[in-house]
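> missing the sequence, but the structure's below:
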Ligand SMILES: O=C(O)CCC(=O)C(=O)O
Ligand SMILES: [Fe+2]
């Protein structure tokens, strides 16, 4: 038996001591884990308390939205997931419980989405990287970005081969890399991305300088060593060519590389108008008037609508205070459960498609849905003097961060003669666009051909004719919705069709006079 010899007894005592030690080690590990969990819980608590104070306001800021999504993707997988796993690499009970919330939490797809949104906003509104990183956006402030937050932004741009934004964000990361010691990002890693993106953007000399800096920090970095030799060789060759009088300089493309459309005059004008710039002078500004309109309609006699002319040809007006905050809230509540994916009717294939150029969600509301809708439709009819019976139902659209709608016509062109065939009411003669919110920054409706920009005013509506009396399209009505920079934008569209308007197009509401 075991206990017959002294030697065995001795081993048993040692085993007993080891067990105590095992238990202590286990306790230490668990204590460490609990401490980590405690830290994570307070981190989340702190964040959620702040965000829930005003969720709409909070998530309406693109920097905060990025940080929030990043926390539950990159940060989670790196810092939190390991704490929730046992030695065998499987989720422990707590981990499994938390996993049940997954479907409500942001995903990597959302991360790509928020990063793309941030980069688009940076371009359209010409925001400098440092201001964004400081949380300073169009006068509204958010959290700050750490070196690592900037680094991850740069890395995602890099993965999309967008070296222009990689440079901007890696430079910002580099400036911030010493901010605190707890940073999980190393200077070397930033230099590595910076050097390669500089090279990709045609700046070999800068790539070499950065690579040398990287090698000072990490002399054994073998890829950096070979890159250094490669850049030196390229520069020497360039020198050779130059000495022979040839212009061998490699052009430095320190610019955003974009497709042709984004370089087009129209797109450039669109973005300038979005930023609030003046793109062309309007000769007839002095002829514009404001007036009270009642159209001799009983609905308006007691309370005429305030009409503000914005442009004469094409005729474009703003009607102020056409709907109350209370009514707007009813409409939003009706729309929320119906908001679908951003889709658009492809006039060529006749199918509904998810449209990248239109990032918003929309829903249709009918008069029968609620008395508020019915009343609003009647008010639109009274104000425009047009028959809304043949109009499309009220379309409610909700734009989130960077939500936008690139330049388009509301009417169907000749080549798209089938566009509204199903409706059987002809082309879209006029557009009524209600602003259901103010937008903190961005989100204007702009008309690039005539240089008009309309910043949303809650409760006001823009109105214009899309067609001349002849039925011919008015091309100068081309317009776009600018990306929302901060805030949420709600609008509702009422597209009025040709049918029923034969005797209605009233005097003073003419596009061609
Ligand atoms: O949201 C806007 O400012 C414009 C929307 C628009 O043009 C449309 O929905 O057709
Ligand atoms: Fe439109």
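Received the coordinates, thanks. All values reported here derive from a predicted model rather than from experimental measurement. Ligands and ions are numbered 1, 2, ... in the order given.
> how about the residues of the chain by ligand 1?
Within the chain, the positions near ligand 1 by Cβ under 6 Å from any ligand atom are 397, 405, 410, 433, 445, 479, 481, 491, 493. (Glycine included, C-beta is placed from N, CA and C.)
> most widely separated two among those residues?
Spatial extent of the residues of the chain next to ligand 1 (Cβ to Cβ) is set by the pair 397 and 479 at 13.8 Å.
> circling back: secondary structure and neighbour count added to the residues of the chain next to ligand 1, as CSV?
What follows is the residues of the chain next to ligand 1, written out as CSV (DSSP: H, G, I helix; E, B strand; the rest coil; neighbours: other Cβ atoms under 10 Å):
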residue, secondary structure, neighbour count
397, strand, 22
405, strand, 21
410, coil, 19
433, strand, 23
445, strand, 21
479, strand, 27
481, strand, 26
491, strand, 24
493, strand, 20
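> now, which of these sits nearest residue 466?
Nearest to residue 466 out of those is residue 410 (Cβ to Cβ; 5.1 Å).
> just to check, the closest one is in contact with residue 477?
Yes - Residue 410 is within contact range of residue 477, at 7.0 Å (criterion: Cβ atoms under 8 Å).
> list the contacts for residue 360?
Residues counted as contacts of residue 360 (Cβ atoms under 8 Å, 6 or more residues apart in numbering) are 342, 397, 398, 399, 400, 403, 404, 405, 481.
> which of these lies closest to ligand 1?
For those, the closest approach to ligand 1 (Cβ to the nearest ligand atom) belongs to residue 481, at 3.3 Å.
> residue 238 and ligand 1, how far apart?
From residue 238 over to ligand 1 the distance is 49 Å, taken as Cβ to the nearest ligand atom, to the nearest Å.
> elements contacting whichever helix or strand that residue is part of?
Assigned by DSSP states H and E, residue 238 falls within helix 222-243. Counting contacts by 3 or more Cβ pairs under 8 Å, 6 or more residues apart in numbering; DSSP states H and E, helix 222-243 packs against helix 187-200, helix 204-217.
> any idea how far that helix is from the chain center?
Its chain's C-alpha centre and that of helix 222-243 lie 40 Å apart, by Cα atoms, centre = their mean, to the nearest Å.
> give the next helix or strand downstream of it.
Next helix or strand after helix 222-243 toward the C-terminus (DSSP H and E): helix 260-263.
> which one of the contacts of residue 360 is nearest residue 321?
Nearest member of the contacts of residue 360 to residue 321, counting by Cβ to Cβ, is residue 397, at 20.9 Å.
> so, low pLDDT: which residues of this protein?
In the predicted model of the chain, residues 1-3, 139-141, 179-183, 243-259, 340-359, 506-513 satisfy pLDDT under 70.
> mind redoing it with 50?
The model of the chain has pLDDT under 50 over residues 246-254, 346-348, 507-508, 511, 513.
> coming back round to it: show me which of the contacts of residue 360 is closest to residue 471.
Using Cβ to Cβ, residue 405 is the member of these that lies nearest residue 471, at 24.8 Å.
> so who does residue 454 touch?
Taking Cβ under 8 Å, 6+ apart, we find residue 454 in contact with 310, 318, 444, 445, 446, 462.
> contacts for stretch 277-295?
In contact with stretch 277-295 (Cβ under 8 Å, 6+ apart) are residues 269, 272-273, 300-301, 304-313, 319, 382-383, 385, 448, 450-451, 506.
> list the buried ones in it?
279, 293, 294, 295 (16 or more other Cβ atoms under 10 Å).
> quick one, helices of the stretch 351-500 of the chain?
Assigned by DSSP state H, counting those that start in this stretch, the helices in the stretch 351-500 of the chain fall at 371-384.
> wait, isn't residue 432 in contact with residue 491?
No - contact criterion Cβ under 8 Å: residue 432 and residue 491 do not qualify, at 10.4 Å.
> could you report the neighbour count for the residue nearest to residue 56 when sequence neighbours are not counted?
The spatially closest residue to residue 56, leaving aside those adjacent along the chain, is residue 488, at 6.6 Å (Cβ to Cβ, 6 or more residues apart in numbering). Neighbours of residue 488 under the rule other Cβ atoms under 10 Å: 19.
> let me know the closest of the contacts of residue 360 to residue 122.
Nearest to residue 122, judged by Cβ to Cβ, of the contacts of residue 360 is residue 404 at 13.9 Å.
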